[in-house]
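Undergrad: Predicted model and sequence below, questions to follow.
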Amino acid sequence: MGYPEIIQGGMGVGVSGWRLARAVASAGQLGVVSGTALDVQLARRLQLGDPGGHLRRSIARFPDREIAARVLGHYFVAGGIGPATPFARLPRPAVELPRELLELTLVANFVEVDLAREGHEGSVGINFLEKIRLPILPALYGALLAGVDYVLMGAGIPLEIPGVLDRLRRHQPVSLTLDVAGQPRDRPVCSRFDPATVAAPREALRRPLFLPIIAAASLAQVLVKRATGRVDGFVIEAPTAGGHNAPPRGPARFNAAGEPLYGPRDEVDLDSIRALGRPFWLAGSRGRPGMVEAAQALGAAGIQVGTAFAFCRESGLPRSLRQAAVRQVAAGAARVHTDPLASPTGFPFKVAQLAGTLSDPELAERRRRICDLGYLRQLYRRDDGSVGYRCPAEPETAFVRKGGSDEATRGRKCLCNALVANLGLGQLRTGGARELPLLTAGDDLVHLRTLIDAGGGEYSAADVLDMILPCRRAGRVPRPEGAAVAATS
């Protein structure tokens, strides 16, 4: 079985979109789309008129024609809404997803994978955050219907996902245990999804390979022993990677800039990883020549690269935002801050310092708090036993009223709205202001100078691959056997 030498990271909200994943997969490596907030992206792009018709072309291939028609009928606006019109508000994720949101989630994940797989025979993966559990079941099913080859998942310990994949590929009902603060362990709360609600062919689907993204050998060992199905490999991520980082192990310590300090306890024991007999990829500041060979010398199949792809031509970031970041790199002024407070998840989050974004403390302070997307909301048990939802980035008084602490709200940023705004899809607020972006990048951002200088400020996904693999061969990495043949049982 052939494995890719390079996994293109599944970055942020829409940064790793279908165009980027398709470019990387077409070149013979693993192209990955981000599965985060695909519902809001599809809805807003349809409201903008779907320039080029790509989304509608893919929606026409969704197997349930009635669901496809409802999604189009609800969101598509011929010619697009005007610049002074806000985007339609979506229902927020909940334990029981509203039917409108469930159908949008199914179609959005199908479309993103379907377009990424269009026109080539390479491998495509989808990346999810374990912290965003409420929409994950229909999201996975939509991706499987489109023929996704790999599922990657970080920001948690996804013990139940392998078994979910095994059942979804056979169109069987699935459930997922939810983390509800204050809920007794003997009375778990679960989300549920039944594929029978979707009119799709009933033959077994391809089971994608499952790669958890981890930061400790102990997590890999737990997953191999306790997961509900097969774990096919691992992405091992260092704290220099962009997006969310695992918190440091041991007592919290910070540098003068307020960033968490990592030490020897945070280094992954690769001997223990190798002993598990699964392929693994190393991630975090790996987007440079020689890194594949160095990783393979340690027993890895290859590397995962994010930041270099995040600012390439095929990235989901608008050209204006990419160019602003590129100019900082070219000027030697690029800086990435590991913010221990920004994310409502409580995980450290890498923030690229860029003027005009929420990395500016004054702009962040000026933003009126609102939680209208709700992907990172926390579940908690109300006094009457029902499930409530709260987020430390929502208005402070609302969070405290729901049993949260005022201290937990300090420094929190609404990543949901900011990361969607990165794509040029920010919501229009009262008064005419749009939500501001917040870029994330890994510490490797400063090393993009080689690509920038060679390309005159613009470079492609192929240029990234050529830089990392100067002697890369033509062709493709075949879809792995585990994802290529449907089981007969």
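TA: Perfect, I can see it now.
Undergrad: what residues are up against the nearest residue to residue 36 once chain neighbours are set aside?
TA: In space, residue 36 comes closest to residue 13 once its chain neighbours are excluded; the distance is 5.1 Å by CB to CB, 6 or more residues apart in numbering. Heads up, the C-betas are built off the backbone N, CA and C, glycines and all. With contact set as CB atoms under 8 Å, 6 or more residues apart in numbering, residue 13 has these partners: 34, 36-37, 41, 419-420, 422-423.
Undergrad: So for stretch 119-135, mean pLDDT?
TA: Across stretch 119-135, pLDDT averages out at 95.
Undergrad: So residue 50 sits against residue 59, correct?
TA: No. In this structure, residue 50 is not within contact of residue 59 by CB atoms under 8 Å, at 9.1 Å.
Undergrad: how far does the helix ranked longest in the chain sit from the chain's center?
TA: Counting residues, the longest helix found in the chain (DSSP state H) is helix 99-117. The chain centroid and the centroid of helix 99-117 are separated by 14 Å under CA atoms, centre = their mean, to the nearest Å.
Undergrad: in the protein, what spans have low per-residue confidence?
TA: By pLDDT under 70, the low-scoring segments of the chain are 1, 455, 472-489.
Undergrad: top of the contacts of residue 13 by neighbour count?
TA: Neighbour counts for the contacts of residue 13 were taken using other CB atoms under 10 Å; the highest belongs to residue 36, with 30 neighbours.
Undergrad: could you say which helix or strand contains that residue?
TA: Per DSSP states H and E, residue 36 falls between elements, in no helix or strand.
Undergrad: Relative to residue 409, how far out is it?
TA: In this structure, residue 36 and residue 409 are 23 Å apart, going by CB to CB, to the nearest Å.
Undergrad: now do residue 35
TA: In this structure, residue 35 lies at 28 Å from residue 409, with CB to CB as the measure.
Undergrad: okay, those two: which has more neighbours?
TA: Remark: of residue 35 and residue 409, residue 35 carries more neighbours, 30 against 21, as counted by other CB under 10 Å.
Undergrad: before we move on, back to that, from the contact counts, what lies against the longest helix of the chain?
TA: helix 18-26, strand 31-34, helix 38-47, helix 54-59, helix 65-75, strand 124-129, helix 136-145 (3 or more CB pairs under 8 Å, 6 or more residues apart in numbering; DSSP states H and E).
Undergrad: now residue 7: how far from residue 125?
TA: In terms of CB to CB, residue 7 sits 7 Å off from residue 125.
Undergrad: Pull up the overlap in contacts between the two.
TA: 30, 32, 152.
Undergrad: Adding distance to residue 120 and neighbour count, write those residues out as TSV.
TA: As requested, the shared contacts of residue 7 and residue 125 are arranged in TSV below (distance: CB to CB, whole Å; neighbours: other CB atoms under 10 Å):
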residue	distance to residue 120	neighbour count
30	12	28
32	15	31
152	20	27
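Undergrad: Relative to residue 320, which of these is nearest.
TA: Distance ranking of those against residue 320, using CB to CB, places residue 32 first at 24.5 Å.
Undergrad: Verify the contact between that closest one and residue 18 for me.
TA: No. Between residue 32 and residue 18 no contact is recorded; they are 10.5 Å apart, counting by CB under 8 Å.
Undergrad: Residue 86 reaches residue 431, doesn't it?
TA: No. The criterion here is CB under 8 Å, and residue 86 misses it with residue 431 at 11.5 Å.
Undergrad: These two - which one has more neighbours?
TA: When residue 86 and residue 431 are compared for neighbours, residue 86 comes out ahead with 12 against 6, by other CB under 10 Å.
Undergrad: residue contacts, the closest residue to the more buried one other than its chain neighbours?
TA: Of all residues not flanking residue 86 in the chain, residue 428 sits nearest, at 4.3 Å (CB to CB, 6+ apart). When the contact criterion is CB under 8 Å, 6+ apart, the partners of residue 428 are 84-87, 434.
Undergrad: for residue 443, same thing?
TA: With contacts defined as CB under 8 Å, 6+ apart, residue 443 is in contact with 240, 284-285, 336, 350.
Undergrad: what do you get if the cut-off is 10 Å, keeping everything else the same?
TA: Contacts here follow CB atoms under 10 Å, 6 or more residues apart in numbering; on that basis residue 443 touches 238-242, 284-285, 307, 334-336, 338, 350.
Undergrad: Roughly how far does the residue lying closest to residue 368 once chain neighbours are set aside sit from residue 86?
TA: Closest residue to residue 368 in three dimensions, ignoring its sequence neighbours and counting by CB to CB, 6+ apart: residue 429, at 7.3 Å. The spacing between residue 429 and residue 86, counted by CB to CB, is 8 Å.
Undergrad: cool, and residue 144?
TA: When CB to CB is applied, the distance between residue 144 and residue 86 equals 33 Å.
Undergrad: picking that back up, overlap of the contact sets of residue 32 and residue 18?
TA: 116, 124.
Undergrad: What ranges does the stretch 201-350 of the chain have for its strands?
TA: Remark: strands of the stretch 201-350 of the chain, listed N- to C-terminal, are 209-214, 234-237, 280-283, 302-305, 336-339, 349-352; assignment by DSSP state E, counting those that start in this stretch.
Undergrad: orientation of the longest one relative to strand 124-129 in degrees?
TA: So that's strand 209-214. Taking axes from the mean of the first three to the mean of the last three CA atoms, to 10 degrees, one finds strand 209-214 and strand 124-129 inclined to each other by 40 degrees.
Undergrad: Put the alpha carbons of strand 209-214 into PDB.
TA: Backbone C-alpha positions of strand 209-214 (Å, rounded to 0.1, in the frame of the first residue of the first chain) are rendered in PDB as follows:
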ATOM      1  CA  LEU A 209      -8.600   5.500   6.600                       C
ATOM      2  CA  PHE A 210      -8.700   7.200  10.000                       C
ATOM      3  CA  LEU A 211      -5.700   9.300  11.200                       C
ATOM      4  CA  PRO A 212      -6.000  11.000  14.600                       C
ATOM      5  CA  ILE A 213      -3.900  14.100  15.100                       C
ATOM      6  CA  ILE A 214      -2.100  13.700  18.400                       C
END
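Undergrad: Pairing partners for that strand, with directions?
TA: According to DSSP bridges, strand 209-214 forms sheet pairs with strand 150-154 (parallel), strand 234-237 (parallel).
Undergrad: which SS state does the residue nearest to residue 36 fall under?
TA: Following DSSP: H, G, I helix; E, B strand; the rest coil, residue 13 is assigned to coil.
Undergrad: Tell me the spacing between it and residue 114.
TA: Remark: distance between residue 13 and residue 114 (CB to CB) = 19 Å.
Undergrad: and residue 210, bridged to which residues?
TA: Going by DSSP bridges, residue 210 is paired in beta bridges with residue 151.
Undergrad: That one touches residue 232, doesn't it?
TA: Yes. Between residue 210 and residue 232 there is a contact at 5.3 Å, judged by CB atoms under 10 Å.
Undergrad: Between the two, which is the more surrounded one?
TA: residue 210 (26 against 20).
Undergrad: And that one, how far from residue 335?
TA: Between residue 210 and residue 335 the computed distance is 35 Å (CB to CB).
Undergrad: Ok, residue 350 next?
TA: Following CB to CB, the distance that separates residue 350 from residue 335 is 11 Å.
Undergrad: hey, what's in contact with both of these two?
TA: What both residue 350 and residue 335 touch, as defined by CB under 10 Å, 6+ apart, is the set 441, 443, 445.
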